[in-house]
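Peer 1: Need a 3D model of the following:
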Amino acid sequence: MELKEVKEITVSNNNNNNNIIPPIVHLIWYGIDALSPADHPNKKYSQGFTSILKNSNCQVKLWSKADCENLILEYPQFEGIYNKATNIMKFDIIRYLIIYHSGGTYLDADVILRKPLQNITANECFFVEKIITNVANHEARYEPIRKGIPEHSVRIANYAFSSKPKNPIFIEILTEIRRRMHIQSVPKNDYDVLYLTGPDVVSTVVHRLAAVSKIKINVIPEKISKSIFVHGCAGEWRRRLKN
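Peer 2: Numbering: from 1, shown residues only. Below you'll find the predicted structure:
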């Protein structure tokens, strides 16, 4: 089933207040190269951070390394994979856990936010799609970690997403990460990160739940999301793959 056929999956709600996304934006910032995104030498971070502060109309929380390490202690079932992960994989793991724990919107610090978030955070959960063209011949199919299985043509991005607290979709994502890391815990190249903890995991789980679950999932079409978010793709994680 194509995800485009199931943009929303409706559930019955007894308490609408539990289904509102809190007006807070979460960013993860370990402070490796700069104390804050505004001070980073790569201007994509300062531009993104400035746009989020200016346009989100939400509280903005920067999660430090200590904040992330304290949070993972509250979820011992995922502590093992977090401790085994490289830094970029830790950033992936903890972003899902932050939104599960607190609710709100996660944004990468290099995301340019063009519009306030109220209009798209009035539902239980949203993700952003990215279309993979020529998926049957896409180079990702030939990555050893995929074992010849092509990606979904509708990839679900993980640079921007939002949810009410305690949404079980994030436990499904973290459980899938744990399964994949049990098979291969250390990435051998950039693509392995996308597969082990990044957009490929999110895509797999969202497609799976869209087909069988009653969890409400709103997927913002790429042509619409571009008017709201622009991902700067600063790319610092690629040079830090082995850190």
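Peer 1: Can you tell me the element the residue positioned nearest the centre of the chain falls in?
Peer 2: When the chain is reduced to its mean C-alpha position, the closest residue under C-alpha atoms, centre = their mean turns out to be residue 158, at 2.7 Å. Per DSSP states H and E, residue 158 falls between elements, in no helix or strand.
Peer 1: For residue 106, list each beta-bridge partner.
Peer 2: Each beta-bridge partner of residue 106 is listed here, defined by DSSP bridges: residue 26, residue 161.
Peer 1: how many other residues sit next to it?
Peer 2: Taking other C-beta atoms under 10 Å as the neighbour definition, residue 106 ends up with a count of 22. To be clear about C-beta, it is placed using only N, CA and C from the backbone, and glycine gets the same treatment.
Peer 1: ok, it - contacts?
Peer 2: For residue 106, the contact set (C-beta atoms under 8 Å, 6 or more residues apart in numbering) comprises 25, 26, 27, 95, 98, 99, 160, 161, 162.
Peer 1: Tell me the spacing between the third one and residue 152.
Peer 2: When C-beta to C-beta, to the nearest Å is applied, the distance between residue 27 and residue 152 equals 27 Å.
Peer 1: which one of those two has more residues nearby?
Peer 2: Remark: of residue 27 and residue 152, residue 27 carries more neighbours, 23 against 17, as counted by other C-beta under 10 Å.
Peer 1: Could you check the pLDDT of the more buried one?
Peer 2: Confidence per residue is given as pLDDT, and for residue 27 that number is 97.
Peer 1: thought it was touching residue 62?
Peer 2: Yes. Between residue 27 and residue 62 a contact is recorded at 5.4 Å, counting by C-beta atoms under 8 Å.
Peer 1: okay, and the common contacts of the two?
Peer 2: With contacts defined as C-beta under 8 Å, 6+ apart, the residues adjacent to both residue 27 and residue 62 are residue 37.
Peer 1: neighbours of residue 25, just the number please.
Peer 2: Neighbours of residue 25 under the rule other C-beta under 10 Å: 24.
Peer 1: Next: residue 70.
Peer 2: Neighbours of residue 70 under the rule other C-beta under 10 Å: 11.
Peer 1: Same check on residue 50?
Peer 2: If we define neighbours as other C-beta under 10 Å, then residue 50 has 14 of them.
Peer 1: SS state for the nearest residue to it once chain neighbours are set aside?
Peer 2: On the basis of C-beta to C-beta, 6 or more residues apart in numbering, the spatially nearest residue to residue 50 that is not a chain neighbour turns out to be residue 38, at 6.9 Å. The three-state assignment at residue 38 reads helix, by DSSP: H, G, I helix; E, B strand; the rest coil.
Peer 1: Give the burial count for residue 38, as a bare number.
Peer 2: As a burial measure, the neighbour count of residue 38 was computed by other C-beta under 10 Å and equals 14.
Peer 1: Can you tell me how far residue 24 is from residue 101?
Peer 2: In terms of C-beta to C-beta, residue 24 sits 12 Å off from residue 101.
Peer 1: Let me see the confidence value for the closest residue in space to residue 149 that isn't next to it in sequence.
Peer 2: Sequence neighbours aside, residue 141 is the residue nearest to residue 149 in space, at 7.3 Å (criterion: C-beta to C-beta, 6+ apart). Per-residue confidence at residue 141 stands at 75 (pLDDT).
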